[in-house]
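Predicted model and sequence follow; I will ask about them next.
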Amino acid sequence: MDSLSVSTTDVRIERHAHQLSRQLKLLREKLFPPLSEKSLRTFTSGEAAQMIGVSDGYLRQLSLDGKGPMPEVSGNGRRSYTLGQINDLRQHMARVKPKDALNYLPRRLPGEKLQTIAVTNFKGGSAKTTTTLYLAQYLALAGYRVLAIDLDPQASLSAMLGVQPEFDLEEGDTLYGAIRYDESRKSLRDVVRKTYFDGLDLVPGNLELMEFEHETPRALNDRQRANGEVFFKRVGAAISEVEQDYDIVVIDCPPQLGYLTLGAVCAATALLITIHPQMVDVASMSQFLLMTADLLSVVRKAGGDLRHDFIKYVVTRHEPFDAPQSQIVALLRNLFGNDVLTATILKSTAIADAGLTKQTLYEIERGQVRRSTYDRALESVNAANSEVLASVHHAWGRK
């Protein structure tokens, strides 16, 4: 056989990558026609009232009086609101009842620092991206101004939020564009993009992020090239450029302890560590914690700020009726106490089924999956996210 007719491994893999990219593009065009964009469903008046903290009758009277945004009214008289309209109603309620403004519009106040939560674990399969996505959407639905940063070169978070890394991004459109070492560096404000989820903005990711891992060792040997700013402060410096625009930043860290992860941990005010309750994962996490401690010790001695407001472990993909998993969860609680969230995020077909169409339980209609499965999964997600939010409030000094 002619040796030229036999593909080398790199050529073969590159061909497979292009084939897969083309197929993904065709699939996206089928699901989302060329001029369409991913959108969020509307919410019933009952859902909107619950989210805002008023009665459905109060919302009805507002619309009858022509106050606030006008809902969409179906043929049978049912009213529905977009998330943008719900946020407008929150603003309206905060103006009408200024003494209760925080109940309707719970944004951070002057003196309350930006909370940056790094979601991390260097082992794949711990539901790190899913945890980040659900937390970011939960906070946005609650009325906070949220920035999600995708630091994973695989960019699954970006894809779930409507950005296809292969097709939608150009050079410098990731966080790398705002932390790179050369003259092409730009403001993070120029990288942030709005999403279809009102109140939730995104700094997308793609393979370009790996350039930071490659460039940093060279910059460490060339202080002039680093412009006097050490690598572990660059992520925090970039975030500070948009600090006034947000209440909470959620970072999806890459699944390894590289320069990007260290930068995110140093920029963070809080850490959320995902744990899949399997013995092999817990054993791996033990090594992760030891390596993290060693590396962060070096960073701290070099001037890194490692004072976090809270560090929490969240059990993900949990099967509560699995005896070995229950033993592992009990072990973690015994070892780490209140640092482990009380709520666990269940392993659920509802979460998996929603993900097949790049959606979350917050996005799909309740009837799209089995109702009992949907309710059980959503309850577990909301309970975990509410605990994280309570820790944020504690850090802000709120009761």
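Alright, I've got the coordinates. What you see is a predicted model; the values in this text were computed from it and never measured. Residues are numbered from 1 along each chain as shown.

what residue ranges in the stretch 101-250 of the chain are flagged as low confidence?
Low-confidence segments of the stretch 101-250 of the chain, defined by pLDDT under 70, are located at 124, 223-228.

just the helices in it please.
101-104, 128-141, 156-160, 165-168, 176-179, 210-220, 234-240 (DSSP state H, counting those that start in this stretch).

what's the last one in contact with?
So that's helix 234-240. 114, 116, 147, 149, 175, 178-179, 188, 229, 249, 260, 263-264, 266-267 (C-beta atoms under 8 Å, 6 or more residues apart in numbering). In this view, the C-beta of every residue, glycine as well, is placed from N, C-alpha and C.

ok so, going back, adding mean neighbour count and distance to L306, write the helices of the stretch 101-250 of the chain out as a markdown table.
Listed next are the helices of the stretch 101-250 of the chain as a markdown table, based on neighbours: other C-beta atoms under 10 Å; distance: least, C-beta to C-beta, whole Å:
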| stretch | mean neighbour count | distance to L306 |
| --- | --- | --- |
| helix 101-104 | 16 | 30 |
| helix 128-141 | 25 | 21 |
| helix 156-160 | 24 | 25 |
| helix 165-168 | 16 | 31 |
| helix 176-179 | 25 | 19 |
| helix 210-220 | 16 | 19 |
| helix 234-240 | 22 | 12 |
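
Just checking, which helix or strand succeeds the strand or helix carrying Y313 along the chain?
For Y313, the host element (DSSP states H and E) is strand 310-315. Under the assignment DSSP H and E, the closest C-terminal helix or strand after strand 310-315 is helix 323-336.

my read: I117 touches V250, true?
Yes - here I117 lies in contact with V250, judged by C-beta atoms under 8 Å, at a distance of 5.1 Å.

who has more neighbours, the two?
V250 (30 against 26; other C-beta atoms under 10 Å).

Quickly note the distance from the more buried one to T129.
Separation of V250 from T129 (C-beta to C-beta, to the nearest Å): 11 Å.

same check, this time on L141
19 Å.

V282 too?
20 Å.

among the contacts of helix 234-240, which two are most distant?
Within the contacts of helix 234-240, two members stand farthest from each other by C-beta to C-beta: L147 and E229, at 21.0 Å.

more crowded one of those two?
Taking neighbours as other C-beta under 10 Å, L147 and E229 compare with L147 leading, 23 against 13.

didn't that one look like it was pressed against V250?
Yes - counting by C-beta under 8 Å, V250 is a contact partner of L147 at 7.4 Å.

Contacts only, for A178.
Applying C-beta under 8 Å, 6+ apart, the residues near A178 are R185, K186, S187, L188, D190, V191, A238, E241.

Next, show the common contact partners of I117 and V250.
Joint contacts of I117 and V250 (C-beta under 8 Å, 6+ apart) are L135.

Just the pLDDT for L4.
pLDDT for L4: 45.

related to what we said a few turns ago, save the helices of the stretch 101-250 of the chain as a markdown table, and put in distance to R317 too.
Output for the helices of the stretch 101-250 of the chain, formatted as a markdown table (distance: least, C-beta to C-beta, whole Å):
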| stretch | distance to R317 |
| --- | --- |
| helix 101-104 | 34 |
| helix 128-141 | 9 |
| helix 156-160 | 15 |
| helix 165-168 | 25 |
| helix 176-179 | 30 |
| helix 210-220 | 27 |
| helix 234-240 | 28 |
